[in-house]
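Visitor: the sequence and its predicted three-dimensional model are supplied below.
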Amino acid sequence: MRANLTKVLDSYELTLTDMLPEDVPRLYELSIAVNWPHRPKDWEMAINLGRGYVARDEIGRVLGSAMWFPMGETLASIGMVITSPRLQDHGAGRWLMQHVLADTRARSKVLNATKAAYRLYLSLGFSSRTSVFQHNGIASKVPDGPDHARPMLADHAQAIVALDALAYGADRRALFERLFPVSEGTVILQDGIVCGFALCREFGRGRVIGPVVAKTEQDAIALIRPHVIAHKDQFLRMDTRAEGGLLRRFLDEAGIAFYDTVTTMTLGEVPHGGSVTTYGLANQAFG
């Protein structure tokens, strides 16, 4: 039986419980309190894909959350770690993370750390790997760019899952089973074989473009440009590890401007990608 399911922080006695679908309304309130953009539907997808905990006070308010998502058999992506602003300096995040780390002790771990949580994750043994640059805004312009991508077909699904595994370093089939029904997709074909793809779906304040996997930045631009065309004058977001260059310049010119940076951190033997690159994340929780 799991120990340490209650904790007194500041003037609150918190109780830890498993995260359930009926927690979505209160989790949505929690994310609003810290200015995260997640809609109830985004929380529902996360709960369907992962496992998590909520911290409740004596009257049932949700004051903290933490989740982990299995990525294949040996890797876990950790995300949706939120604590109420009034508890952020009282150890609530560490308490929640200790339970997530206990659950995932047999797996290597990856997460994307906000500036506020970076020191906590360092103290828990995580190491920095790379930066993720969040771009978002109203897509007010469609910059010139390559146009060799085409719409994704249902027949491309298995090849996309395999290509993502090559780029990510783990099989994320379960994630794509949730993403495909709610996404529009583009692909690049070489001799009839999928060698790049981009998905776009509703998320947060508008839509997110990701995952995006390609061989080159030019291919990545070709893949995302049709989504910018389709959703011009709407709010678009893309989280990318590209440090600069053509892709980020394209996003800026489209009005999808740089907004913030988080740090990808790892614990354990987390694989690096292969011969293709993940240019756009599904979101910061899923990677």
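Guide: It's in.
Visitor: helices of the stretch 101-250 of the chain, start to end?
Guide: 118-123, 157-168, 173-179, 217-230, 246-254 (DSSP state H, counting those that start in this stretch).
Visitor: using a markdown table, lay out those together with mean neighbour count and distance to residue 93.
Guide: Every C-beta, even on glycine, is put in place using the N, C-alpha and C of the backbone. Output for the helices of the stretch 101-250 of the chain, formatted as a markdown table (neighbours: other CB atoms under 10 Å; distance: least, CB to CB, whole Å):
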| stretch | mean neighbour count | distance to residue 93 |
| --- | --- | --- |
| helix 118-123 | 15 | 5 |
| helix 157-168 | 19 | 26 |
| helix 173-179 | 18 | 25 |
| helix 217-230 | 22 | 33 |
| helix 246-254 | 20 | 30 |
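Visitor: please tabulate those helices in TSV and include mean pLDDT and distance to residue 135 as additional columns.
Guide: Shown next, in TSV, are the helices of the stretch 101-250 of the chain (pLDDT from 0 to 100; distance: least, CB to CB, whole Å):
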stretch	mean pLDDT	distance to residue 135
helix 118-123	96	20
helix 157-168	97	19
helix 173-179	97	20
helix 217-230	98	11
helix 246-254	97	5
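Visitor: could you export these as TSV, including distance to residue 101?
Guide: Listed next are the helices of the stretch 101-250 of the chain as TSV, based on distance: least, CB to CB, whole Å:
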stretch	distance to residue 101
helix 118-123	10
helix 157-168	21
helix 173-179	21
helix 217-230	34
helix 246-254	33
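Visitor: quick check: residue 207 vs residue 172, distance?
Guide: 20 Å (CB to CB, to the nearest Å).
Visitor: quick one, strands of the chain?
Guide: 6-9, 12-18, 51-56, 62-71, 75-83, 108-113, 127-138, 150-151, 183-190, 193-203, 206-214, 235-240, 257-267, 277-280 (DSSP state E).
Visitor: go through those strands and name the closest to residue 168.
Guide: Residue 168 sits nearest to strand 277-280 of all these, at 6.0 Å, using CB to CB.
Visitor: now the closest one: average pLDDT?
Guide: Strand 277-280 shows a mean pLDDT of 96.
Visitor: can you list contacts of it?
Guide: 164, 167-168, 198, 209-215, 217, 220, 224, 238-242, 247, 287 (CB atoms under 8 Å, 6 or more residues apart in numbering).
Visitor: where does the prediction get shaky in the stretch 51-200 of the chain?
Guide: 88-90 (pLDDT under 70).
Visitor: can I get the strands of the chain in TSV with mean neighbour count and distance to residue 45?
Guide: Output for the strands of the chain, formatted as TSV (neighbours: other CB under 10 Å; distance: least, CB to CB, whole Å):
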stretch	mean neighbour count	distance to residue 45
strand 6-9	14	29
strand 12-18	15	17
strand 51-56	22	13
strand 62-71	24	11
strand 75-83	26	11
strand 108-113	23	17
strand 127-138	17	19
strand 150-151	12	23
strand 183-190	19	11
strand 193-203	22	9
strand 206-214	26	12
strand 235-240	24	15
strand 257-267	17	20
strand 277-280	24	17
